[in-house]
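*Asks:* Curious how this folds, go ahead:
(4 chains)
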2 protein chains.
Amino acid sequence: MKMHDRKLKILYAIVKDYIETADAVGSRTLSKKYNLGVSAATIRNEMADLEELGYLTQPYTSSGRVPSDSAYREYVNYIMALKKKTSQRKHDIESNVASKIGEMRELLHYSSKILSEITSYTTIALSPHIEGCRVESIQFVKISSEMILAIIVTDTGVIRKPVFRIIGGIDSTTLQKITNLLNYKMKGLTLREVEQLLLREINREASELEKATIKVLPELLKTLEKIDEYDIMFNGTANIFNFPEYNDVVRAKAFFSMLEKKQAMYNLIAAINNDGISISIGKENDFDEAKECTLITATLKNDGNIVGWLTVIGPTRMEYTKVLKDIRYVSAFVNELMNHKY
Amino acid sequence: MKMHDRKLKILYAIVKDYIETADAVGSRTLSKKYNLGVSAATIRNEMADLEELGYLTQPYTSSGRVPSDSAYREYVNYIMALKKKTSQRKHDIESNVASKIGEMRELLHYSSKILSEITSYTTIALSPHIEGCRVESIQFVKISSEMILAIIVTDTGVIRKPVFRIIGGIDSTTLQKITNLLNYKMKGLTLREVEQLLLREINREASELEKATIKVLPELLKTLEKIDEYDIMFNGTANIFNFPEYNDVVRAKAFFSMLEKKQAMYNLIAAINNDGISISIGKENDFDEAKECTLITATLKNDGNIVGWLTVIGPTRMEYTKVLKDIRYVSAFVNELMNHKY
DNA sequence: TTTAGCACTCGACGCATGAGAGTGCTAACA
DNA sequence: TGTTAGCACTCTCATGCGTCGAGTGCTAAA
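*Replies:* Residues are numbered from 1 along each chain as shown, chains lettered A, B, ... in the order given. From the prediction side, this is the model:
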């Protein structure tokens, strides 16, 4: 759908102005503020057309116009295209930050906090399920008479360290044997496959060694089922109140209720799977509560595997240009750090 | 300060009514709703006295009365005294829940979630700094060529599992030797003492073994410094909107901004150190942002050591009776579970 | 095709008004 | 002496009304 150049210009100006002011924008203001080269009346005609095309809405008869989701989409496509032409600049790594980060999850939390601070939006840090990852190594460490720590490292560098309990305890030698056995059998399998393997082993007639093992396996299985938990964290939630659209208590409450639905938030964000930045606007979001929000998400990958998502969330009237710049910066930083360390 | 019985009765009735309705309560309503045996005019006289004593305030001339912090305090002392007379009932442990909980921190998170659900308030789960705890054991596990996992178990059962990196790597035998050495030297010391010991060792002329160690120690020290992190988590934050006092966007924003000041929240809650339930009302809170809130906090102890806090936060107009009952229930449950496992 | 002009629409804001809830004070009562 | 009824007064809040202004659609002229 190719629009006349002037129509697009006007559309972009409306979106830009609305992002800035959060007020319905009228033809007169537009012609004064932006140098469009035509009079307010002409703009009025174009606006009527744009409304018919579904890009604008009127809150009430004879008020100014407000951009629709499609208008934002059009605008975003436009600035995304612009950005591609400019070269990606290199980012320096602040080494003191780098040294503080031991694990992927910490890195994610930290960068989400930074992102929230520089954008003044609410941000979400999300780490993925790991059921699809392959096991690099499994180790067990006895930490008290009955408690055992399992250390599971995946090929993507994700580490999980669940603690579980063996009633009656188990001696170190046996534990070492089990470690060796499991490592031998499970290396390279996905967590899902490990679970199935464990199930089979549990139900099998057991040899001498396996008799000791049998005590550990059901506990390990139980632990594995729960270990595969994503992790979601929010930063700068109070920032949402900076937007006039959330000056209404009902909408603010809805926003926070939405954040609390963690499973739904996970599904919303984890649906994204590319290595760059992805934007979903308003009704494009497949989650009712989020249909008045825009989410800008950076997918973080290491070696082709998703290791997390970094999301900025706000009203559809989002400062796309600024937020895009910031999220690009932070995610590039994280990526560089990651490739350095793992 | 011993007050006339009738005055107290009226005061309690006012507090109770205000907790229920969030509206300034007048003499007429009071005499109709509660069976106080005196007329509205008498109540008016008593109310005037109570106002003079600082228990009531008037939002504006000739409006109803609103309880002050001292009124809530009086009321809380009253119901706390009542409670002590009734016997603590035994709580059953739901074993399926118990089996899901591997670590203290998980237990804390989980119970905070439950608490928020049953009270319909916002809850805070807080786990303490561990610098005061004594080291029970330190272990190292190699998880990749350069990454090492340290497992530190304290005498209170808290487990920390920081990952750090040794550039150039280290072989397993040396690592095992270091583990043995550190365990021998550090068992029973506090984390603070361990840090000092490490510093001394780093600066000392080293023997053969210690030459290998010297590579690990600075990294370990750095890791230890950052490991001593409390952990704070919120549940049911959207519940705050259920209270009319937060129907004002400015106050709601202030509430969420307060929650985001994690260090201050830690200080606020961690100041409490007893084994039961503690209530701090409005201006009693030593943190400006919280001066319009009441916090009811259960300190969770294991073997005399604080392992966490469970807090319900809401307006000073809190349903004290109900919330007290609920937090007692949940914290008793957690305590029982803890003593079972650790 | 663009622009100027004009009548019209609708929300925001300010102001007045009245209802209602609650008070303090006074005088009468037990 | 303590309690109650009555009354005038106060203050908030909801409602209604009129004005203002930004913005529109339509029409006719350039």
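
*Asks:* Could you report the neighbour count for A:Ser39?
*Replies:* Per other Cβ atoms under 10 Å in any protein chain shown, the neighbour tally for A:Ser39 reads 11. Bear in mind the C-beta positions are built from the backbone N, C-alpha and C, glycine included.

*Asks:* now do the one 5 residues further on
*Replies:* Using other Cβ under 10 Å, the number of residues around A:Arg44 comes to 16.

*Asks:* Likewise for A:Val250?
*Replies:* 10.

*Asks:* again, but for A:Leu82
*Replies:* Neighbour count for A:Leu82, taken as other Cβ under 10 Å: 10.

*Asks:* which element is it on?
*Replies:* Using DSSP states H and E, the element containing A:Leu82 is helix A:69-85.

*Asks:* can you pull the buried residues of that helix?
*Replies:* Residues of helix A:69-85 classed as buried: A:Asp69, A:Ser70, A:Ala71, A:Tyr72, A:Arg73, A:Glu74, A:Tyr75, A:Val76, A:Ile79 (neighbour count, 16 or more other Cβ atoms under 10 Å in any protein chain shown).

*Asks:* same deal with stretch A:141-159?
*Replies:* For stretch A:141-159, the neighbour count (16+ other Cβ under 10 Å) marks A:141-144, A:147-159 as buried.

*Asks:* again with stretch A:107-122
*Replies:* Residues of stretch A:107-122 classed as buried by neighbour count (16+ other Cβ under 10 Å): A:107-112, A:114-116, A:118-122.

*Asks:* Do you have the helices of the stretch 101-250 of chain A handy? List them.
*Replies:* Counting by DSSP state H, counting those that start in this stretch, the stretch 101-250 of chain A has helices at residues A:104-119, A:172-186, A:191-202, A:208-227, A:249-260.

*Asks:* next one: the longest one to chain centre, how far?
*Replies:* To tie it back to what came earlier, the one meant is helix A:208-227. Using Cα atoms, centre = their mean, to the nearest Å, the mean C-alpha position of helix A:208-227 is found 33 Å from that of the whole chain.

*Asks:* Likewise for the first one?
*Replies:* The gap between where helix A:104-119 is centred and where its chain is centred comes out at 11 Å by Cα atoms, centre = their mean.

*Asks:* what helices or strands is it leaning on?
*Replies:* In terms of contacts (3 or more Cβ pairs under 8 Å, 6 or more residues apart in numbering or on different chains; DSSP states H and E), helix A:104-119 is packed against helix A:95-100, strand A:122-127, strand A:231-235, strand A:305-315, helix A:320-341.

*Asks:* Among the ones you listed, which one carries the weakest average confidence?
*Replies:* With a mean of 44, helix A:95-100 has the lowest mean pLDDT of the helices and strands packed on helix A:104-119.

*Asks:* hang on, the earlier thing: kindly state which of the helices of the stretch 101-250 of chain A is positioned closest to B:Ser127.
*Replies:* helix A:104-119 (15.8 Å; Cβ to Cβ).

*Asks:* ok, and what's touching the closest one?
*Replies:* For helix A:104-119, contacts defined as Cβ atoms under 8 Å, 6 or more residues apart in numbering or on different chains pick out A:97, A:100-101, A:122-127, A:157-159, A:231, A:233, A:235-236, A:239, A:300, A:307-308, A:310, A:312, A:322-323, A:326-327, A:329-331, A:333-334, A:337-338, A:342.

*Asks:* what is the orientation angle of that helix with helix B:208-227?
*Replies:* On the basis of axes from the mean of the first three to the mean of the last three Cα atoms, to 10 degrees, helix A:104-119 is oriented at 40 degrees to helix B:208-227.

*Asks:* State the mean pLDDT of helix A:104-119.
*Replies:* For helix A:104-119, the per-residue pLDDT averages 90.

*Asks:* Quick check: which of the buried residues of stretch A:141-159 are also close to chain B?
*Replies:* By Cβ under 8 Å from any Cβ of the partner chain, the members of the buried residues of stretch A:141-159 lying near chain B are A:Val141, A:Ile143, A:Ser144, A:Leu149, A:Ile151, A:Val153, A:Ile159.
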